[in-house]
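Novice: what's the 3D shape of this:
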Amino acid sequence: VGGEVESAASRRKRAKTTATTFHAFHSILRLNAPALADMCRPGDEAAVPIKGVDPEVFKTVLYFCYGGTVSEEELAANAKTIIEAADR
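Specialist: Residues are numbered from 1 along each chain as shown. Coordinates of the predicted model:
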């Protein structure tokens, strides 16, 4: 998670970010995030790059996939970025 970010002029630029790795069970992703599960193979240890998503936002999406509740305050502050991350 990490990588390219969009500039204000709608051009892409490279951001020097450190990649963050998240681990998830394929069965959980299959039930709650099928598009994300399709990007992964069960039992494959290789990382799947997801560009243009802030690690904290992706962490929120995974938390929700595992049955967590996103607070009203966090949703109000980050709704657009959370929805965009879920659509990737």
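Novice: middle-most residue in this protein, spatially?
Specialist: Centroid-nearest residue in the chain: Phe58, 3.1 Å away (criterion: C-alpha atoms, centre = their mean).
Novice: list the buried residues in the top helix by length along the chain.
Specialist: Taking DSSP state H as the criterion, the chain has its longest helix at helix 72-87. For helix 72-87, the neighbour count (16 or more other C-beta atoms under 10 Å) marks Asn78, Thr81, Ile82, Ala85, Ala86 as buried. Quick note: C-beta positions are derived from backbone N, CA and C, even for glycine.
Novice: please enumerate the strands of the chain.
Specialist: Shown for the chain, the strands assigned by DSSP state E span residues 4-6, 12-14.
Novice: average pLDDT for the first one?
Specialist: Pointing back at strand 4-6 there. Averaged over strand 4-6, pLDDT sits at 44.
Novice: so can I have JSON lines of the buried residues of helix 72-87 showing distance to Ala33 and pLDDT?
Specialist: Below are the buried residues of helix 72-87 laid out as JSON lines (distance: C-beta to C-beta, whole Å; pLDDT from 0 to 100):
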{"residue": "Asn78", "distance to Ala33": "18", "pLDDT": "89"}
{"residue": "Thr81", "distance to Ala33": "16", "pLDDT": "92"}
{"residue": "Ile82", "distance to Ala33": "13", "pLDDT": "88"}
{"residue": "Ala85", "distance to Ala33": "11", "pLDDT": "86"}
{"residue": "Ala86", "distance to Ala33": "8", "pLDDT": "81"}
